[in-house]
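Engineer: Give me a 3D structure for the following:
(one chain, ligands or ions: 1)
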Amino acid sequence: MTQRTDFDQFIADHQSLVNHFLSEKIVRSTNDDRLSEAMAYSVDAGGKRLRPLLTLATLNILGTAITPARLQAACALELLHTYSLIHDDLPAMDNDNLRRGKPTNHVKYGTGLAILAGDGLLTLTFEWLATAQLPINQRLALITALSHAAGPAGMVAGQATDVLNTQHHLDFEALQTLHRGKTGALIRYAMIAGGIMSEASQATMELLAKFGEAYGLAFQIYDDLMDVIGDERQMGKKVGKDAREQKNTYPGLFGVDGTVQRLSATIDEARTAISGLQETAQVNVALLTAFLDYFKIKE
Ligand code: GRG
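Structural biologist: So this is what the prediction gives:
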């Protein structure tokens, strides 16, 4: 897989697989029509599906077939990610009206149902992992890794630091820790999940984790940067909000040029992990390398 078009084809084919799986299965998860509608509204709102795609790409490079059970496990992560977006947008958190280019869940359904739609997606995530037709040891490893990544040692901790420190200055070290939790932990898990389902060696798992950590950080740096130099249509949400609300961001600490340099250094870390994977696992890593094209900065 060396050509850019192969990557585009992989993304298009697998986004469609993920989208079909999600919309068919979510409606069957509850008998409550309003709850089902509120959950499906945010899941079907058209996200990039980055996290399941990273898991599926990891399976692909490690030569592991994408079976329905593995697809279910990959899609479970999108449920959890969507819950985190719904709760993050709530008036008590980021208070956003627009997400994925559409009114946020609480704007459409009210705060109470939005909280419950998020709760439903979070718990359903673990039901999908527990019931995927995978060997028991793999299910347990996935559940352990995702609960660790998403819970109070990972994403929830990052979000807590964020919520508690808006309008308080965080230094670089604290900002990195915040983002490793808030954004990085799920992306790191996306890679680990592919490794778990491929029964990858310890050395390969460590390199997958390194790639995920660097990619997750780069993703956040890019998101911060686009809030300053991007536009609303491209991002599917309001831009310029971080500065208005005095949020802790990379451009706030390093300026735009300094942030571009940080982004480039972090992408290099991801490339180093990719080279390691090529040597250790002897895999064709072109697919993973192509994921780094996401971080293009328009002139
Ligand atoms: C509520 C516990 C809890 C955590 C929320 C996800 C999150 C933590 C906060 C979102 C804040 C934010 C905008 C972070 C920047 C990076 C990020 C996670 C962007 C959204 O992910 P994408 O770009 O979204 O993958 P799509 O819509 O494409 O899935």
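
Engineer: alpha carbons only for contacts and neighbour counts from here, please
Structural biologist: Noted.

Engineer: Quick check: the closest residue to Leu142 other than its chain neighbours vs the ligand, distance?
Structural biologist: The shortest distance from Leu142 to any non-neighbouring residue, by Cα to Cα, 6 or more residues apart in numbering, is to Ala193 (6.2 Å). Ala193 sits 17 Å away from the ligand, going by Cα to the nearest ligand atom, to the nearest Å.

Engineer: How many residues are close by Ala193?
Structural biologist: Counted by other Cα atoms under 10 Å, the residues lying close to Ala193 total 32.

Engineer: And for the one 4 residues further on?
Structural biologist: For Met197, the count of nearby residues is 26 (other Cα under 10 Å).

Engineer: Look up the closest residue to it, ignoring the ones flanking it.
Structural biologist: Nearest to Met197 is Gln138, by Cα to Cα, 6+ apart, at 6.3 Å.

Engineer: hang on, the one you found packs against Ile196?
Structural biologist: Yes. Counting by Cα atoms under 8 Å, Gln138 touches Ile196, with 6.2 Å between them.

Engineer: quick one: average confidence on stretch 94-102?
Structural biologist: The pLDDT scores in stretch 94-102 average 91.

Engineer: go on, stretch 24-34?
Structural biologist: When pLDDT is averaged over stretch 24-34, the result is 93.

Engineer: I'd say Phe126 and Leu142 touch.
Structural biologist: No. The pair Phe126 / Leu142 is not scored as a contact, 9.2 Å apart, by Cα under 8 Å.

Engineer: list the contacts for the residue nearest to Leu142?
Structural biologist: Going by Cα atoms under 8 Å, 6 or more residues apart in numbering, Ala193 touches 55, 74, 142.

Engineer: and if you look at Val107?
Structural biologist: Val107 neighbours (Cα under 8 Å, 6+ apart): Asn97.

Engineer: Could you list the low-pLDDT ranges of the stretch 151-299 of the chain?
Structural biologist: For the stretch 151-299 of the chain, applying pLDDT under 70 flags the ranges 232-240, 243-244, 298-299.

Engineer: And the helices in it, which stretches?
Structural biologist: In the stretch 151-299 of the chain, the helices defined using DSSP state H, counting those that start in this stretch lie at 155-165, 172-179, 185-197, 202-229, 232-235, 241-244, 250-280, 286-291.

Engineer: deepest of these, which one?
Structural biologist: Counting by mean count of other Cα atoms under 10 Å, helix 185-197 has the highest mean neighbour count of those, with a mean of 28.

Engineer: how about that helix as CSV, C-alpha atoms only?
Structural biologist: Output of helix 185-197 as CSV, limited to C-alpha atoms (Å, rounded to 0.1, in the frame of the first residue of the first chain):
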residue,chain,number,x,y,z
ALA,A,185,-5.6,8.0,25.8
LEU,A,186,-8.3,6.8,23.4
ILE,A,187,-6.1,7.2,20.3
ARG,A,188,-3.4,5.2,22.0
TYR,A,189,-6.0,2.5,22.9
ALA,A,190,-7.2,2.4,19.3
MET,A,191,-3.7,1.1,18.3
ILE,A,192,-3.4,-1.2,21.3
ALA,A,193,-6.8,-2.7,20.5
GLY,A,194,-5.5,-3.8,17.0
GLY,A,195,-2.4,-5.3,18.7
ILE,A,196,-4.5,-7.2,21.3
MET,A,197,-6.8,-8.7,18.6
